[in-house]
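1. Coordinates for the following, if possible.
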Amino acid sequence: MSGEFLEAIEQICREKGVDKDVLLEAIEAALVSAYKKNFGSAPNVKVIIDRQAGDVRVFSQRKVVPEVQDSLLEVDEAEARKLSPGAQLDDIVDVEVTPRNFGRIAAQNAKQVVMQRIREAEREQIFNKYSEQENEIVTGLVQRVEKRNVFIDLDKTEAILPPGEQMPGERYRVNNRLKVYITEVKKTTKGPQITVSRSHPGLVKRLFELEVPEIAEGEVLIKNISREAGSRTKISVYAEDPNIDPVGSCVGHRGIRVQKIVEELRGEKIDIIKWSENPMEYISSALSPARVLDVLPSPSEKSAMVIVPDNQLSLAIGKEGQNARLAAKLTGWKIDIKSESQIRPSYENPIPEEQEEQEEQEEQMDEQEQAEPQDGESD
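-> A predicted model of the protein is given here:
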C-alpha cells in the first residue's frame, strides 16, 4: 500500500460519498482479522494506516511489567522505555510486529473492504434518496414481470409494483414508461426495497400538482380524493380567493390539464368537484354527473337523504353503486338516494267526488247535533 492507494481511496470517497476516515478505519479492522488469521493469535493487536504515506503497520499492545511471563501480552520495563521513554509499570505500550510480506495481504483485504463499503454506501444513498420521496411520484421503465409482480427500473435501483397496487385492467409491457407513487421504502440486507403503486389516491393528487400550477402554488387546495383505480375518481377542490375557479383551474383550457391526467391513468374517469363547507351543496356536487333536486341532511348521524329526478336515479347511484359509493367516501357522509316519485307517490285510487260530498254533509250534520241542546237541559 502507498500514497497512490490513498489517492485512489480519496477519489472513490468523493465519487461515492463515503467518509474517508470511516473507510480507512474499516480497512484497519479488516487487517486486524487478516493478521490474526495468517500470522498469530495475539489478542491485543491493532493496525494503523499512515494517513499521509499510506504505510501499513501492525502493533501488539503489551503491558509493562517488572518480569515478562507472557511475551504476547507483556514487555519488560527497559524494553518499554526504548519504545516509549515515559513508560511506567502497568502502562500499555505498542510493540510493532509488522510481518515482512504483510503488504500483499493488506492490499487484498483492503480491496475487499473498499468494494464492500462502496456497495453499502451506494445502498445507503439510494435508501436516503427514495425514503425522502415516499408519498411522491417518480417515473420509471417496466423492467420485467415475475409472478404478477412488476419490477420498475428507477435510477440505479428498481422498485416493485405488487398485484394489489396495480390498476385493474392495465397491462405492463417491458420498457413501458410509467409514473408510479412511492408508498414505502425499507432497508433490507440486499439493499433498499421500494414499493410503488398505480392504484393509490395519492398518485392522482401528485398528478394534479404536476399539471395544475394553482395547486402547486397553493392557490387551489385538494380537500379529498376517493378513487376506484382504473374506473373512476372523485376529487374535491377549493380556493379561498373568490376570483379563482378551482374546478376550472383543474380542468384547464378545453380540458387539456385533466385530459393529460386521464391519459396517464389509461382513461380513468375523473369528476372534479367544488368543495363546500355546506353539506347540502357538497353532497349535491359529489353526486355529479347526476342532477340533484334536494338534500335532506341529518348532521347528528352524518347521513343525508338525496332526492333526484326519476330519470337521474340510476346515474346518481352509478354502475354497481359506484357513483354513490365514491360520493359517500369523498364527503364522509352516508348517502341514501331516492327518486322523486319514491318521495311523492301519486294515489292510484283517488276518492270519488260524490263520496267526498257525502262525507262533508255527514260532518256538517254531526256539528249541528252537537250544537243543539239535549232533552232535560234548560236555556
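
2. Secondary structure element holding Gln11?
-> In the assignment (DSSP states H and E), Gln11 maps to helix 3-16.

3. tell me which residues in that helix are buried?
-> Residues of helix 3-16 classed as buried: Phe5, Leu6, Ile9, Ile12, Cys13, Lys16 (neighbour count, 16 or more other C-beta atoms under 10 Å). Any C-beta I mention is one placed from the backbone N, CA and C, and that applies to glycine too.

4. Next: stretch 91-106.
-> Val93, Asp94, Val95, Val97, Thr98, Phe102, Ile105, Ala106.

5. which residue packs closest to the fourth one, ignoring adjacent ones?
-> Nearest non-adjacent residue to Val97, counting by C-beta to C-beta, 6 or more residues apart in numbering: Ser60, 4.8 Å away.

6. So the one you found: helix, strand or coil?
-> strand (DSSP: H, G, I helix; E, B strand; the rest coil).

7. Surely Thr195 is in a helix?
-> No: the assignment for Thr195 by three-state DSSP gives strand, which leaves it out of any helix.

8. Quick check, it in contact with Ile182.
-> Yes: Thr195 is within contact range of Ile182, at 7.5 Å (criterion: C-beta atoms under 8 Å).

9. higher neighbour count, those two?
-> Ile182 (24 against 17; other C-beta atoms under 10 Å).

10. In three-state terms, label that one for me.
-> Ile182 - assigned by three-state DSSP - is strand.

11. Nearest to Ser71, out of the buried residues of stretch 91-106: which one, please.
-> When the buried residues of stretch 91-106 are ranked by distance to Ser71 (C-beta to C-beta), Val95 comes first, at 9.6 Å.

12. sec struct for the closest one, please.
-> strand.

13. Quick check: pLDDT value at it.
-> If you check Val95, the pLDDT there is 83.

14. ok, for it, nearest residue in space, not its chain neighbours?
-> Take Val95 and drop its neighbours on the chain: the residue closest to it by C-beta to C-beta, 6+ apart is Ser60, 4.8 Å away.

15. Need the residues touching each of Thr195 and Ile182.
-> Shared contacts of Thr195 and Ile182 (C-beta atoms under 8 Å, 6 or more residues apart in numbering): Ala159.

16. how much space between the residue nearest to Val95 and Leu221?
-> 69 Å (C-beta to C-beta, to the nearest Å).

17. Neighbour count: these two, which is higher?
-> Neighbours per residue (other C-beta under 10 Å) separate Ser60 from Leu221, with Ser60 holding more: 20 against 14.

18. Verify the stated contact: the more buried one with Val45.
-> Yes: Ser60 lies in contact with Val45 (C-beta under 8 Å); the separation is 5.6 Å.

19. Which parts of this structure are helices?
-> 3-16, 20-39, 77-83, 102-131, 201-211, 213-216, 246-251, 256-264, 279-286, 313-317, 322-331, 340-343, 353-371 (DSSP state H).

20. now those as TSV including distance to Gln166 and mean pLDDT?
-> Shown next, in TSV, are the helices of the chain (distance: least, C-beta to C-beta, whole Å; pLDDT from 0 to 100):
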stretch	distance to Gln166	mean pLDDT
helix 3-16	35	78
helix 20-39	41	82
helix 77-83	69	84
helix 102-131	20	82
helix 201-211	12	97
helix 213-216	26	96
helix 246-251	26	96
helix 256-264	15	96
helix 279-286	27	96
helix 313-317	27	96
helix 322-331	19	97
helix 340-343	40	88
helix 353-371	67	56
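
21. want to throw these into TSV with distance to Asp55?
-> Converted to TSV, those look like this (distance: least, C-beta to C-beta, whole Å):
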stretch	distance to Asp55
helix 3-16	9
helix 20-39	12
helix 77-83	18
helix 102-131	9
helix 201-211	54
helix 213-216	57
helix 246-251	67
helix 256-264	59
helix 279-286	75
helix 313-317	82
helix 322-331	69
helix 340-343	93
helix 353-371	120
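
22. Figure out which of these is closest to Val174.
-> So among these, helix 256-264 is nearest, using C-beta to C-beta, at 19.2 Å.

23. domain parsing for this structure?
-> 3-128, 133-197, 277-347 (automatic domain parsing).

24. hang on, the earlier thing: looking at the buried residues of helix 3-16, spot the one nearest Ala87.
-> For the buried residues of helix 3-16, the nearest to Ala87 is Leu6 (30.9 Å; C-beta to C-beta).

25. Now do the contacts for the closest one.
-> Arg51, Gln52, Gly54.

26. Next, find the distance separating the first one from Glu28.
-> With distances taken as C-beta to C-beta, Arg51 is found 11 Å from Glu28.
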